[in-house]
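[1] any chance you could fold what I've pasted below:
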Amino acid sequence: MDVTIYHNPACGTSRNTLAMIRNAGIEPTIVEYLKTPPSRAELTRMIADAGLTVRQAIREKGTPYAELGLDDPALSDEALVDAMLQTPILINRPFVVTPLGTRLARPSDLVLDILPDSHKGPFSKEDGEAVIDEDSKRLR
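    Below is the predicted model of the structure:
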């Protein structure tokens, strides 16, 4: 299965998502979006395909969101996308794209909605929260 994750290795949610993809027996294409941001077309397509608004896809925590005045409700989606492309840390993560759909995997187990049921045994997140049981079944 062709899977792409827009990944930040410094983010626990992103690391958990990547590990769940691998637990399903899939080695995804990993795009470290801070180094290689998506194009405008890719970003807007991911946001739309995930069923999100641009404001839902923008990251506030740990970013210059407030300093850049991005909380101004008068800003257009185009202006917000411009900011996300100029300052990629503003792109919420991780986005995952598969033939079964696109998700912003927050929380990380949302990625399971767009992966096949091909898990290779139990899986727990970095914090110990169990997500997949010993029978390879999703717990939530």
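[2] Lys35 versus the spatially closest residue to Arg55 that is not a sequence neighbour, what's the distance?
    Excluding the flanking residues, the one nearest Arg55 by C-beta to C-beta, 6 or more residues apart in numbering is Leu80, at 6.8 Å. All C-beta atoms are positioned from the backbone trio N, CA, C, and that covers glycine. Relative to Lys35, Leu80 is positioned 21 Å away (C-beta to C-beta, to the nearest Å).
[3] so for the two, which residue has more residues nearby?
    Shown here are Leu80 and Lys35; by other C-beta atoms under 10 Å, Leu80 has more neighbours (21 against 8).
[4] what sits against Leu80?
    54-55, 58, 70 (C-beta atoms under 8 Å, 6 or more residues apart in numbering).
[5] how deep is the nearest residue to Leu70 once chain neighbours are set aside tucked in, by neighbour count?
    Nearest non-adjacent residue to Leu70, counting by C-beta to C-beta, 6+ apart: Ala83, 5.8 Å away. Ala83 sits with 21 neighbouring residues when counted by other C-beta under 10 Å.
[6] cool, Glu42 as well?
    The burial count for Glu42: 16, using other C-beta under 10 Å.
[7] any idea how far it is from Glu126?
    28 Å.
[8] circling back: which of the contacts of Leu80 has the largest number of neighbours?
    Ile58 (21 neighbours).
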